[in-house]
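> Can you look at this prediction? I've put the sequence above it.
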Amino acid sequence: MHSVIVGTAGHIDHGKTALVKALTGIDADRLEEEKRRGITIDIGFAHLELGTPNGETLRLGFVDVPGHERFVRNMLAGIGGIDLVLLVIAADESIKPQTREHFDICRLLSVCRGITVLTKSDLVDPDTLEVVRLEIEDFLRGSFLEGAPIVPVSSLTRAGIDDLKQAIAKIAAESPARDSNAIPRLPIDRVFSMKGFGTVVTGTLISGTIHKEDELEIFPKAKTARVRGIQTHGQAGDRAFAGQRTALNLAGVATEDLSRGMTLASPGIFRTTRRVDVELSLLPSAKPLKERARLHFHCYTSEQIARVVLYGRKQIEPGETAFAQLRMPESLLLLPGDRFILRQFSPVITIGGGRILENTPPKKIRDAAGYLEFLKTLAGENPAEILQAQVSASGAKGMSLAEAIARTGMTARRITDTAAKLSDLVRTGDHFILNSVWQTLRKKLVTVLDSFHKKNALVAGISKEELHRNLPEASPEIFEHFFADALKSKAIALAGELVHLPGRGVAMKDEEAESQKIIEAAFSSAGLAVPFMRDVLAGVKVDKARAQKIVTLLLRDKVLVKISDDLVFHRDTLAALRRRMAEEKLKSPKIDVARFKDITGVTRKYAIPLLEYLDRERITRREGDARIIL
């Protein structure tokens, strides 16, 4: 079943609510004050099912909006999610101020389908009706309603109502279905409590599908609620699809926690923002818009006071389109592609609108010209080019799949399918990075290692952590991936925990190699009564710094083993001690310090550290003042 949202637009008292009732049998005026005063104050809703000539059933949700200029803000809360507009013009009054403003709003929101309805046609004669029709045709020329049906009706006599239903069915059938596979988003337009049910919210489901028992996140509250029940167009069901008027009975949240302007969406995916980069268009009738001006910002059901920061100019002239940033005092859930309306701060009149391009703009822009080109790409609406531009802007940090979803609103599958078609995009795990940036990082990795080897001839390599510190532009995730890739392709190698270039490592000069032999021999020949390191180093032929690096190499390769702050032993000596302890175990498994000194011939200065070393190596286990040979 094809679901389509139909919105009304037009001047006060031109018969919008009466028209909806004539079409659906439902009075969309629900407030007592509306009925008492005879005017629509807030948005109202109705529904209707129509058949099409090809046998399809259309499920239409009607959003009836107030026409009074004082209630345009309420009108904006309802018209953001419509697919088709009924521009209502009374035949006895023709085009009036709110006709123009409402129509401007529809154009700014990129509504592209609709019907002009001439209401109260029973109050004028045929000649007057024809004059009004000609006037309307002239008014609509060059707009999306040029050439669209103009249907005269009377809600009182029901004349033309059936013709209007046929026209609606034809145009609605041509309206593309909203994406039910997208991530669900429902801007809230009503919140109330029902006896026996609890908290209920309503809104137009602008994307995705919501199922009964789903968990939804409330933006910007950062709370979650469970869907206890669903109604679409007055009927209870287990799910709601994009393009349907939807009522949700929510568990786990009170009415006080919710209000118009909030949004329900899948949890843990999106994030709110207080700054968005936009493509902004001014109406020809507007005054020039200056830098830093304050404006009323409307997007779906939300409204805030925003300040505009223009890119590359000081003001926008009437009728012009430009790039800008809108800054708001409170966070909202806004995604690229969302349409918005701007109204002057005072007096409050509609002056323009546009669409969101970027919901996570950088705090500082170093290349203004380059950033304008980036925004032009985002404005182009090509998903592949947009994804590539976003990944490119992320540089060596790359962009995670989760971030790409949050910044584009696209599903994971659509992003991965789009990325697969881009030859210059590399996917590493759940991250994307430009291939050119990836190759640059690989080259820099080799350059850093080459420079390290040249400056540190006596060091086998650099630690992985220090290597990353030399590549700070790469995020930890990207570094891990290109490091593993470089290792796999043998562009780099590991020596223990140290990274080095293949074939590169310690490169000793003659005097350094000779010093290494002197140091190793000094400890090898000393047995367990080893000398102090400072005394050994005093006898080598290199400076102290290089001598220390040679010792580090011997310790790294485990030729020498440090068992305490002051004592270093040769590995062969310790291996011999292990064998001796195994022999002593056969005589008696119990050994104390005195027996150990007798066996090894060392003083207490060496005996205690050696026994503690044997404990750590699990060759002995201390029990009181003695030890058990294991």
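It's in. Being a predicted model, the structure only gives us computed values, none of them experimental.

> Before we move on, what's the pLDDT of F71?
Here, the pLDDT recorded for F71 equals 62.

> could you pull out the strands for the stretch 501-630 of the chain?
Here the stretch 501-630 of the chain has its strands, by DSSP state E, counting those that start in this stretch, at 560-562, 568-570, 590-592, 620-623, 626-629.

> Buried deepest among those strands, which one?
Of all those, strand 568-570 has the most neighbours on average by mean count of other CB atoms under 10 Å, namely a mean of 22. C-beta: built from backbone N, CA, C; applies to glycine.

> Low-confidence stretches in this structure?
Applying pLDDT under 70 to the chain picks out residues 1, 29-42, 67-71, 457-459, 503-510, 512-513.

> Test of understanding: give the bridge partners of K223.
With DSSP bridges applied, K223 shows beta-bridge pairing to I218.

> Any idea how many residues pack against it?
Counted with other CB atoms under 10 Å, the neighbours of K223 add up to 15.

> before we move on, the earlier item: can you list the strands of the stretch 501-630 of the chain in a markdown table and add distance to A495?
A markdown table is the format used below for the strands of the stretch 501-630 of the chain (distance: least, CB to CB, whole Å):
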| stretch | distance to A495 |
| --- | --- |
| strand 560-562 | 17 |
| strand 568-570 | 21 |
| strand 590-592 | 38 |
| strand 620-623 | 32 |
| strand 626-629 | 35 |
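
> between those strands, which one is nearest to A396?
Of all the strands of the stretch 501-630 of the chain, strand 560-562 sits nearest to A396, with 39.0 Å by CB to CB.

> What pairs with that closest one, parallel or antiparallel?
strand 568-570 (antiparallel).

> where's the strand it pairs with relative to the chain centroid, distance-wise?
Its chain's C-alpha centre and that of strand 568-570 lie 56 Å apart, by CA atoms, centre = their mean, to the nearest Å.

> L248: which of the strands of the stretch 501-630 of the chain is closest?
When these are compared by CB to CB, strand 620-623 sits nearest L248, at 66.3 Å.

> Not counting its own residues, what contacts the closest one?
With CB atoms under 8 Å, 6 or more residues apart in numbering as the test, strand 620-623 has contacts from 581, 591, 611, 614-615, 627-630.

> same check, this time on stretch 133-140
By CB under 8 Å, 6+ apart, stretch 133-140 touches 89, 94-95, 116, 118, 146, 148, 150, 152.

> can you check stretch 549-562 too?
Against stretch 549-562 from outside (CB under 8 Å, 6+ apart): 456, 458-460, 496, 498, 506, 512, 515-516, 519-520, 523, 533, 537, 540, 542, 568-571, 574.

> Which of the residues you listed are buried, as a PyMOL select command?
A single PyMOL command selects the buried members of these (16 or more other CB atoms under 10 Å):
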select buried, resi 458+459+460+498+506+512+515+516+519+520+523+533+537+540+542+568+569+570+571+574
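
> Does anything pack onto the helix ranked longest in the chain? Which helices or strands?
Across the chain, the helix with the greatest residue count (assigned by DSSP state H) is helix 435-455. Packing contacts for helix 435-455, counted by 3 or more CB pairs under 8 Å, 6 or more residues apart in numbering; DSSP states H and E, involve strand 425-428, strand 462-463, helix 464-469, helix 476-488, strand 498-500.

> which helices and strands does the last one pack with?
Using 3+ CB pairs under 8 Å, 6+ apart as the contact test, the elements touching strand 498-500 are helix 435-455, strand 462-463, strand 493-495.

> Pull out the buried residues from stretch 361-373.
So for stretch 361-373, counting by 16+ other CB under 10 Å, buried means 361, 371.

> How far does that stretch stretch from one end to the other?
Terminal residues of stretch 361-373 are spaced 14 Å apart (CA to CA, to the nearest Å).

> Give me the contact list for it.
Contacting residues not belonging to stretch 361-373 are listed as 275-277, 311-312, 323, 325, 393 [CB under 8 Å, 6+ apart].

> Buried ones only from the residues you listed, please, as a ChimeraX command.
Only the buried entries of those go into this ChimeraX selection, using 16+ other CB under 10 Å:
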select :275,276,277,311,323,325,393
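
> What about the contacts of stretch 361-373, which are in helices?
With DSSP H as the criterion, helices contain A393 from among the contacts of stretch 361-373.

> which element is the residue positioned nearest the centre of the chain on?
Nearest residue to the geometric centre of the chain (CA atoms, centre = their mean): A406, 2.1 Å. Following DSSP states H and E, one finds A406 within helix 401-408.

> Kindly export that helix (C-alpha atoms) in CSV.
These are the backbone C-alpha positions of helix 401-408, laid out as CSV (Å, rounded to 0.1, in the frame of the first residue of the first chain):
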residue,chain,number,x,y,z
LEU,A,401,31.3,3.5,9.2
ALA,A,402,29.4,4.7,12.2
GLU,A,403,30.5,8.3,11.6
ALA,A,404,29.6,8.1,8.0
ILE,A,405,26.0,6.9,9.0
ALA,A,406,25.7,9.7,11.6
ARG,A,407,26.9,12.4,9.1
THR,A,408,25.0,11.3,6.0
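
> Please name every helix or strand in contact with that helix.
Secondary-structure packing of helix 401-408 (3+ CB pairs under 8 Å, 6+ apart): helix 383-394, helix 412-420, strand 431-434.

> ok, residues contacting that helix?
183, 269-271, 335-336, 358-360, 386-387, 390-391, 399, 410-412, 415-416, 430-432.

> how about the longest strand belonging to the chain: buried residues?
Here the longest strand in the chain is taken by residue count, with DSSP state E as the criterion, and it is strand 321-332. Buried residues in strand 321-332, counted by 16+ other CB under 10 Å: 322-328, 331-332.

> Tabulate those residues in JSON lines, adding columns for distance to T620.
Formatted as JSON lines, the buried residues of strand 321-332 follow (distance: CB to CB, whole Å):
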{"residue": "A322", "distance to T620": "80"}
{"residue": "F323", "distance to T620": "75"}
{"residue": "A324", "distance to T620": "76"}
{"residue": "Q325", "distance to T620": "71"}
{"residue": "L326", "distance to T620": "73"}
{"residue": "R327", "distance to T620": "70"}
{"residue": "M328", "distance to T620": "70"}
{"residue": "S331", "distance to T620": "64"}
{"residue": "L332", "distance to T620": "68"}
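
> which one of these sits closest to K605?
The closest of the buried residues of strand 321-332 to K605 turns out to be S331 (CB to CB; 67.8 Å).
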